[in-house]
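In: Could you work out the structure for the sequence below:
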Amino acid sequence: MINYNKNEVEVVNGEKANYLIFKKLRKQGVVHAYALKKDDLDFSFGRPNHDLSYDMLFEELGIERDTLVEPVQKHTDVVRCIDKVIDTSELDEVDGLLTNRENITLSSKNADCILLFFYDPVKKVIGDVHSGWKGTFKKIALKTVQKMIDAYKCNPSDIQVYICPSIRKDHFEVDEDIKELCEGIFNYFNLEDIIFKGDIVDGKQKYYIDLVQITKKLLLECKVLEKNIIDSEICSVCEQEEVHSARAEGENFKRGTAIIKL
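Out: Below you'll find the model as predicted:
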């Protein structure tokens, strides 16, 4: 049984797909899901079951398949506003999507990286963002909020952010170079909250970085309210029986997806 924040998250075991939903987001009428492991579902590009996986998840949620917008995700900080369904080939360097249109389903995918749902209930804007460690270091969460302000006149105090399952601090192990990079970028944060000393492995000191904590700090920095940051509290490595994890599964890892639609 998967461990999760039961106050905020609900697990749905459907006939076609298993997935998580955020209770607060559902109450506001926003269709969304974070897909869990089930049978041979795999949302990775180029895999045989890519299309079938989306077909089954969309059928489970009652969403039209031709509403899907799917970015390539190359660990950039690029967030794109979407006003019509476009092909993935037009989203080559994009890791975040925003829309205020009802006939569009935004998607992102992961296997440890952070996926974020954004929702402004006042301006009726949704977002779906992929934030791996590189995107986190590039502050894509902060840039998403700024894009919502610039493009849709959102007030950051209205914006809600939902953190999907991802790798957590006890498992995101890095070497000295990544630790120093993190220190340089986020030197204005309390680094004791985000960087932790690990073991010495093969003569090298290891460190752990809390990417979720960095993301929360970035959101607070751009005036998102703490009460509007809702965390699933699910570690993809700890819950590898239910959630895809590149670190746990190895070279041929599969990916889950997060989809959201007004």
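In: Return the set of residues that bridge with the nearest residue to residue 231 once chain neighbours are set aside.
Out: Among residues not flanking residue 231 along the chain, residue 163 sits closest, at 4.4 Å (CB to CB, 6 or more residues apart in numbering). In short, each C-beta sits where N, CA and C put it, glycine included. Following DSSP bridges, residue 163 is listed with bridge partners residue 116, residue 231.
In: What about residue 163, how many residues nearby?
Out: Residues within reach of residue 163, counting by other CB atoms under 10 Å, total 24.
In: And the pLDDT at it?
Out: Per-residue confidence (pLDDT) for residue 163: 98.
In: ok, now residue 1?
Out: On the pLDDT scale, residue 1 gets 72.
In: just residue 5 next, same as before
Out: pLDDT at residue 5 comes out at 83.
In: Would you confirm that residue 129 contacts residue 110?
Out: No. Checked against CB atoms under 8 Å, the pair residue 129 and residue 110 is beyond contact range at 10.6 Å.
In: Which one's more surrounded, those two?
Out: Shown here are residue 129 and residue 110; by other CB under 10 Å, residue 129 has more neighbours (29 against 26).
In: Quick one: the helices in the stretch 101-250 of the chain, in order.
Out: 133-137, 140-152, 176-185, 211-221, 246-249 (DSSP state H, counting those that start in this stretch).
In: Compare those helices and report which one is nearest to residue 99.
Out: Among the helices of the stretch 101-250 of the chain, the nearest to residue 99 by CB to CB is helix 140-152 (9.4 Å).
In: angle of that closest one against helix 211-221?
Out: With axes from the mean of the first three to the mean of the last three CA atoms, to 10 degrees applied, the angle from helix 140-152 to helix 211-221 works out at 40 degrees.
In: and the residue nearest to residue 231, how far is that from residue 176?
Out: Here residue 163 is placed at a distance of 28 Å from residue 176 (CB to CB, to the nearest Å).
In: List the residues that contact residue 257.
Out: 34-35, 43, 53-54, 57, 107-110 (CB atoms under 8 Å, 6 or more residues apart in numbering).
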